[in-house]
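> sequence and predicted model, in that order:
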Amino acid sequence: MAEKTRVIIVGGGAAGYFAAIACAETLGAAGEVTMYEATAHPLAKVRVSGGGRCNVTHACFEPRELVKKYPRGGRELLGAFHRWQPRDTVAWFAERGVETKTEDDGRMFPVTDDSATIVECLTRAAEAAGVKLVSSMGVRKVESVGTAGGPSFWVTLTDGTGVRCERLLLATGGNRSSAGFTIAEALGHAIEPLVPSLFTFHIDDARLIGLSGVSVENATVSVPGTKLRESGPLLITHWGLSGPAILKLSAWGARELATRHYEFPLTVNFAPPHTRDSLVHELTAVRDKNPRKQIATWSPLAMPQRLWERLVTSAGIAPTSPWSTVGNTALGTLAHQLTAAELKVVGKSLFKDEFVTCGGVRLSEVDFRTMESRLCPGLFFAGEVLDVDGVTGGFNFQAAWTTGMIAGLAMAGRA
């Protein structure tokens, strides 16, 4: 009787679970799939994501468009997305009783709006497939002990015991303290420097004080002297700025902003597509048509009233001034405040409880057709342990599902 193929998954997150399920379902009785999770809480990030709703994926079903959402890893993921993309993810969950819905911005959530729905689905699927989960047990060290019969690994666990396997998947996430990077390096892999991605900006500026919770439906943010420029919703917070526009900028600028120690100038256009000159022209016309209205109480722009009032004051205009009394110089100053406000970023914060990292296992050392190491046969990678990260909107989960599925099938011999 042939020996079972022993597969070890290191990491009980989204990528680890998806890989474990795919591998166990494919191998059936011919395999033994064990997943080790260092904490007592598997799928913890899935549970807190999307404000507890779990942004499963994004309604972007064309791989060439999808890869544009990944500051790092897009080129490598193109072929992978042709094999497993958001449409496949949605179908996979639907087959297991989880229906999803698409919001106006393309983000996809379970119809329950509850991340527990996704956690329970993955847990049930893993149990049904025969995956053995060992929580509160990490991996301390891995040694490649390949034999004439093929690759083999000796895995030392955190309690000092050891187990052997023929296939090993590192799906430990992007946290710099995870054992995945240490193990990958010990097995010959290079780790691209780890820096945060998807973070919010700390800004101490009088123009923002007291406006926490105010949001602008569409704004453009940029970093002078760089090519970094993004558009989208903007949210004023207690500590500065957040929202999709900021998060996208932080993702694309992760490395460059890290070199600046998160201190840099930021230019905000609260009224795109207007430029200063086009807005001066419009404000002049507004002044001519509404001379008696008070400038602070009547805004011609689609923006929150409180923000308009603050920017009027910041332009040195008395809030009670009638439009007719606002001179051309003052209008120019107001237009500048609205289209090119200059703010100073003095630090960063993580986005909610979600942690996304720029950096990880060097992508040229991984075969994205199988997610297997090009340096160490039998070793596979999935999820954020790789130097892959996407912008906000469900793209990081999709990378986890895709790389997990491909790795799981490949470990089961279905590359």
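Everything's here; your move. What you see is a predicted model, and the numbers here were worked out from it, not measured in a lab.
> may I see the buried residues of the strand of greatest length in the chain?
Counting by DSSP state E, the longest strand found in the chain is strand 341-350. Of all the residues in strand 341-350, those buried under the rule 16 or more other CB atoms under 10 Å are A341, L343, V345, V346, K348. (Glycine included, C-beta is placed from N, CA and C.)
> surely the second one touches H202?
Looking back up the chat, that one is L343. No. Using CB atoms under 8 Å, L343 makes no contact with H202, being 10.5 Å away.
> the helices in this structure, which residues?
Ranges of helices in the chain, per DSSP state H, are 14-27, 44-52, 63-66, 74-83, 86-95, 115-129, 179-186, 244-252, 254-259, 276-289, 305-314, 328-339, 395-411.
> and V214, how far from P272?
Plainly put, V214 is 17 Å away from P272 if you go by CB to CB, to the nearest Å.
> so between the two, which is more surrounded?
More crowded of V214 and P272, by other CB atoms under 10 Å: V214, with 17 against 12.
> that one and Q305 touch, don't they?
No. Taking CB under 8 Å as the definition, V214 is not a contact partner of Q305, at 9.4 Å.
> quick check: closest non-adjacent residue to L311.
Leaving out its chain neighbours, the residue that sits closest to L311 by CB to CB, 6 or more residues apart in numbering is Q337, at 4.6 Å.
> before we move on, what about P110?
T117 (4.3 Å).
> can you get me the start-to-end distance on stretch 386-393?
19 Å (CA to CA, to the nearest Å).
> avg pLDDT for it?
Averaged across stretch 386-393, pLDDT comes to 96.
> quick check, nearest of the buried residues of strand 341-350 to E166?
E166 lies nearest to K348 out of the buried residues of strand 341-350, by CB to CB, at 42.4 Å.
> could you list everything that closest one pairs with in the sheet?
Counting by DSSP bridges, K348 is bridged to F201.
> confidence score at it?
pLDDT, read off for K348, is 95.
> show me what contacts it?
Applying CB atoms under 8 Å, 6 or more residues apart in numbering, we find K348 in contact with P196, F199, T200, F201, H202, S250, L257, Y262.
> and it, how far from A258?
Distance from K348 to A258, by CB to CB: 9 Å.
> who touches both of these two?
P196.
> quick check: V346 touching D204?
Yes. Here V346 reaches D204: they are 6.1 Å apart, a contact under CB under 8 Å.
> can I get the helices of the chain in a markdown table including mean neighbour count and distance to E192?
Shown next, in a markdown table, are the helices of the chain (neighbours: other CB atoms under 10 Å; distance: least, CB to CB, whole Å):
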| stretch | mean neighbour count | distance to E192 |
| --- | --- | --- |
| helix 14-27 | 28 | 18 |
| helix 44-52 | 18 | 21 |
| helix 63-66 | 15 | 22 |
| helix 74-83 | 17 | 13 |
| helix 86-95 | 17 | 26 |
| helix 115-129 | 19 | 28 |
| helix 179-186 | 20 | 10 |
| helix 244-252 | 25 | 15 |
| helix 254-259 | 17 | 9 |
| helix 276-289 | 16 | 40 |
| helix 305-314 | 18 | 39 |
| helix 328-339 | 19 | 37 |
| helix 395-411 | 28 | 15 |
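> redo these as JSON lines? Include distance to T156.
Output for the helices of the chain, formatted as JSON lines (distance: least, CB to CB, whole Å):
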{"stretch": "helix 14-27", "distance to T156": "19"}
{"stretch": "helix 44-52", "distance to T156": "24"}
{"stretch": "helix 63-66", "distance to T156": "38"}
{"stretch": "helix 74-83", "distance to T156": "31"}
{"stretch": "helix 86-95", "distance to T156": "34"}
{"stretch": "helix 115-129", "distance to T156": "24"}
{"stretch": "helix 179-186", "distance to T156": "10"}
{"stretch": "helix 244-252", "distance to T156": "36"}
{"stretch": "helix 254-259", "distance to T156": "33"}
{"stretch": "helix 276-289", "distance to T156": "63"}
{"stretch": "helix 305-314", "distance to T156": "56"}
{"stretch": "helix 328-339", "distance to T156": "59"}
{"stretch": "helix 395-411", "distance to T156": "20"}
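> one step back: separation between the residue nearest to L311 and D204?
17 Å.
> same check, this time on H274
27 Å.
> between these two, tell me which one has more neighbours.
A count of neighbours by other CB under 10 Å puts H274 above the other of H274 and D204, at 19 against 13.
> residues contacting the closest residue to that one other than its chain neighbours?
With CB to CB, 6+ apart as the criterion, H274 has its nearest non-adjacent residue at 5.5 Å, and that residue is T339. The contact partners of T339, by CB under 8 Å, 6+ apart, come to N269, F270, A271, P272, H274, T275, R276, L279.
> go with 6 Å
Shown in contact with T339 (CB atoms under 6 Å, 6 or more residues apart in numbering): N269, A271, H274, T275, R276, L279.
> mind putting the residues you listed in a markdown table, distance to P233 included?
Formatted as a markdown table, the contacts of T339 follow (distance: CB to CB, whole Å):
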| residue | distance to P233 |
| --- | --- |
| N269 | 13 |
| A271 | 14 |
| H274 | 17 |
| T275 | 21 |
| R276 | 22 |
| L279 | 20 |
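> if we can go back for a sec, show me which of the contacts of K348 is closest to G243.
T200 (8.3 Å).
> on that earlier part again, please produce a markdown table containing the contacts of K348, extended by pLDDT.
Listed next are the contacts of K348 as a markdown table, based on pLDDT from 0 to 100:
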| residue | pLDDT |
| --- | --- |
| P196 | 93 |
| F199 | 94 |
| T200 | 95 |
| F201 | 97 |
| H202 | 97 |
| S250 | 96 |
| L257 | 97 |
| Y262 | 97 |
